[in-house]
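> Provided below are the primary sequence and the corresponding predicted coordinates.
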Amino acid sequence: MANRTVKDATSIKGTNPQYLVEKIIRSRIYDSRYWKEECFALSAELLVDKAMQLKYVGGVFGGNIKPTPFLCLVLKMLQIQPEKDIIVEFIKNEDFKYVRALGAYYMRLTGTSLDCFKYLEPLLNDYRKLRSQNRQGVFELTFMDEFVDQLLREERMCDVILPRIQRRQVHEENNELEPRVSALDDDLDELAESSGEDEPPLPPRSKGRAREPGRRREHREHRGEHRSDHRADFRGDPRAEHRGERREHREHRADWAAPERPEKRHRGDYDNHREHRGDYDNHREHRGDYDNHREHRGDYDNHREHRGEHDGHREHRSERERREHRAERRHHREERREERRGRHRGEEERREIEEANALRAKLGLPPLRP
């Protein structure tokens, strides 16, 4: 049957490799459309092309438990058991991130604990984004380092129970693995050194500061005595008395030189008459402004009438000409859009073929036709 494991396959964890996936999920994968159409008679060489077409990772979704293409390819790899070198090339591939995620997931299912730490820990430095689909069929955003960290720590991933692996501490005690060095240690050391250099040294404290308050007190007392002596000398100065007498003489002379003037009786009546005359002139000016405003209002009404005639002339323009013009513009836009879309599609296909040929060359497979 098409769902049987290959004859020369080795058992993993003491059982059939396909049995690592639960029976109900395995039966749903066998009944899925992707398995029947895309995974039928799939070999290790053709598996590379299917892996490059992946767009997201995930397990099963929906109420009727539909498997994702990622999980279908995982089961197909468990069925045909590709060589370890192919899986290592999947993991080391940097062009297709979902191919790397597929290889890492298969290595976690079938590899030993030593191989898992050896090949998966370097992927913790890969921070690219991944699209993941949850059980409700909703897409979520995750990252490659987060995906690999869950493979090494969680017991269940993509709705498949992961085999137990030995702790890293045990391998370090057996000298099988070196202690893991985080990539952030160097950054933390540089940050600590830069912060230590930026801090200015504290100035040395002088021993004579304790005597400053006493010196300030003596200086204030001496300054107060000097001011009091100066004020006393100024009060007894005869020149100050002479200046006061001269000031009084000037005030008396100013009073004598300014005689009283008689009041003007008729000046106020004449000022009131001038004010009324100014009000009359202002009234005449306002009346002239009002007449000018009426003239401008008439010109504005005439302008509105001509504007209405012009608008009516524009409304009588042929609707057929405007429809033809809009249709012609729409046709030109569609032609330009199709031209850009065809050019962009051709560049994407050529780039994908080049990347696929590079990956197939690493695996020793013949290149694809352009």
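In hand now; what should we look at?
> Distance across stretch 12-32, terminal residue to terminal residue?
Counting by CA to CA, to the nearest Å, you get 25 Å between the two ends of stretch 12-32.
> nope, stretch 6-26 is what I was after
16 Å.
> now do stretch 157-170
End residues of stretch 157-170 are separated by 24 Å (CA to CA).
> Average pLDDT for that stretch, rounded please.
Mean pLDDT, stretch 157-170: 91.
> For it, which outside residues touch it?
13, 20-22, 25, 57-60, 70-71, 74, 105, 108-109, 112-114, 116-117, 135, 150-152, 154-156, 177, 180 (CB atoms under 8 Å, 6 or more residues apart in numbering). C-beta coordinates here come from the backbone N, C-alpha and C atoms, glycine included.
> if we go to 6 Å?
Lys13, Val21, Gly59, Val60, Ser113, Cys116, Phe117, Gln150, Leu151 (CB atoms under 6 Å, 6 or more residues apart in numbering).
> Buried residues of it, list them for me.
Met157, Cys158, Asp159, Val160, Leu162, Pro163, Ile165, Arg168 (16 or more other CB atoms under 10 Å).
> what does the model give Arg215 for pLDDT?
On pLDDT, Arg215 comes in at 63.
> ditto for Val99
In this model, Val99 is scored at 95, pLDDT.
> That one: what secondary structure?
Following DSSP: H, G, I helix; E, B strand; the rest coil, we place Val99 in the helix state.
> next one: Gln150
helix.
> Dig out what the closest residue in space to it that isn't next to it in sequence forms beta bridges with.
Once flanking residues are discounted, Gln150 sits nearest to Met157: 5.8 Å by CB to CB, 6 or more residues apart in numbering. Counting by DSSP bridges, Met157 forms beta bridges with Val160.
> I'd like the distance between Met157 and Ile80.
Separation of Met157 from Ile80 (CB to CB, to the nearest Å) stands at 21 Å.
> do Asn302 as well
Asn302 is 91 Å from Ile80, by CB to CB.
> higher neighbour count, these two?
Neighbour count, other CB atoms under 10 Å: between Asn302 and Ile80, Ile80 has more, with 15 against 10.
> Name the SS class of the residue nearest to the more buried one when sequence neighbours are not counted, please.
In this structure, Ile80 finds its nearest non-sequential neighbour in Val6, 5.8 Å apart by CB to CB, 6+ apart. At Val6 the chain is in coil, as set by three-state DSSP.
> where does Val6 fall, phi/psi-wise?
phi -60, psi 160 (degrees, to the nearest 10).
> just Ile87 next, same as before
Dihedral angles (degrees, to the nearest 10) for Ile87: phi -70, psi -40.
> list the contacts for it?
Per CB under 6 Å, 6+ apart, neighbours of Ile87: Gly103, Tyr106, Met107.
> tell me what the helix or strand harbouring the first one is packed against?
In this structure, Gly103 sits in helix 97-110 according to DSSP states H and E. With contacts defined as 3 or more CB pairs under 6 Å, 6 or more residues apart in numbering; DSSP states H and E, the packing partners of helix 97-110 are helix 84-92, helix 113-120.
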